[in-house]
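Asks: Just a sequence and a predicted model for now, questions to come.
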Amino acid sequence: MFIQKAWRSTAFGIYGYLNFTKSGFLEHSKKFKEEDMKMQIQGKNCVVTGANSGIGYATAEGLAKRGATVYMVCRSKERGEAALSKIQSVTGNQNVFLEVCDLSSVGEVKSFASRFSSKDQPVHVLVNNAGILEQNRSTTSEGLEVNFAVNVAGTFTLTELMVPLLEKAAPDARVITVSSGGMYTTPLTKDLQVALTEKWTEMYGNKGIGFYTMHPGWADTPGVTKSLPGFSKALSGKLRTNEEGADTVLWLALQPKEKLVSGSFYFDRAEAPKHLALAGTSSSHAAINSIVDSLRSLCGLSS
């Protein structure tokens, strides 16, 4: 077991350094097609969580530039308003709105979903970008560990409650979940990883909703600087920009669905492996059914 863990970490470090850094993006971008990003999506409603900074901000700005109606879901009203004002100014798109919601609270997520659903309008794109990496253990007022609360429980609850609105946008509806490369080093236990996207595809694929996960690479976001200062310092100048990190999110939002494979994991505009060779993580995906049942119960969602 120790040898396998050591192999996972070593393989991930090498794989990540070669692929997830800015140099990896520049190398992969040689294969990008410029026309893929020129599409305009006026009239499409896009919801982006964690949109006031980092990859979420770059995603919201990129969607607004292409004419979408963008709903920025942010925890901080003050930071959200500042980001909203900046995006409207830069893009000239006034159809950008702020929705205040703390994704670490299942109760707040339910309130937001109920409030948003009352608009009774289709959601064409849901981007599950919000995520945190707190090093010190703490719990929310609902008794959930804070990383789990945001990265799993809040994201799961929001996606489940958005399904009826996504159905209204079928067959073009899609959910894009930003994942962490850390999934390569650990089997599935109680974390989101890419398995929930596979499960959502199985459950809701016949409703005209596509589900995709993507890895942004190692980007120089405020979250990385705060949570992983040593990592950020060691790779100073080698990390991706927020725009480079958000590139595949935007690509997934813009492509015709027939070009995409629901349930798949994407990196730099291409399908990517979900497991590293010999890492011993693939068999753990069998646990997803019981995890989904547990999440439904934990988050108070009906089956």
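Replies: Done, it's in. Numbers count the residues shown, from 1 in each chain.

Asks: CA atoms for contacts and neighbours, from now on please.
Replies: OK.

Asks: now the helices for this structure?
Replies: Under the criterion DSSP state H, the chain carries helices at the ranges 2-19, 22-28, 54-65, 77-91, 106-117, 146-148, 155-168, 195-204, 222-227, 229-234, 242-254, 288-299.

Asks: List just the one of those that sits closest to residue 262.
Replies: Among the helices of the chain, helix 195-204 comes nearest to residue 262, with 6.3 Å by Cα to Cα.

Asks: Tell me which other helices or strands that closest one touches.
Replies: If you count contacts as 3 or more Cα pairs under 8 Å, 6 or more residues apart in numbering; DSSP states H and E, helix 195-204 packs onto strand 209-214, helix 288-299.

Asks: coming back round to it: possible to save the helices of the chain as CSV with mean neighbour count?
Replies: Formatted as CSV, the helices of the chain follow (neighbours: other Cα atoms under 10 Å):
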stretch, mean neighbour count
helix 2-19, 15
helix 22-28, 17
helix 54-65, 26
helix 77-91, 16
helix 106-117, 17
helix 146-148, 21
helix 155-168, 20
helix 195-204, 19
helix 222-227, 15
helix 229-234, 13
helix 242-254, 23
helix 288-299, 15
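
Asks: Next, format these as TSV and append mean pLDDT and distance to residue 47.
Replies: Supplementary listing: the helices of the chain in TSV, determined by pLDDT from 0 to 100; distance: least, Cα to Cα, whole Å:
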stretch	mean pLDDT	distance to residue 47
helix 2-19	55	29
helix 22-28	95	26
helix 54-65	97	8
helix 77-91	98	13
helix 106-117	98	10
helix 146-148	89	21
helix 155-168	97	10
helix 195-204	91	17
helix 222-227	69	20
helix 229-234	69	29
helix 242-254	97	11
helix 288-299	88	21
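
Asks: Just send those helices back as a markdown table, with distance to residue 211 too.
Replies: Below are those laid out as a markdown table (distance: least, Cα to Cα, whole Å):
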| stretch | distance to residue 211 |
| --- | --- |
| helix 2-19 | 24 |
| helix 22-28 | 23 |
| helix 54-65 | 17 |
| helix 77-91 | 26 |
| helix 106-117 | 19 |
| helix 146-148 | 21 |
| helix 155-168 | 10 |
| helix 195-204 | 6 |
| helix 222-227 | 25 |
| helix 229-234 | 30 |
| helix 242-254 | 10 |
| helix 288-299 | 16 |
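
Asks: Now do the contacts for residue 128.
Replies: Residues in contact with residue 128 (Cα atoms under 8 Å, 6 or more residues apart in numbering) are 48-49, 155, 175-178.

Asks: now, which of those residues sits nearest residue 239?
Replies: For the contacts of residue 128, the minimum distance to residue 239 (Cα to Cα) is 17.1 Å, reached by residue 178.

Asks: Alright, that wraps it up for me.
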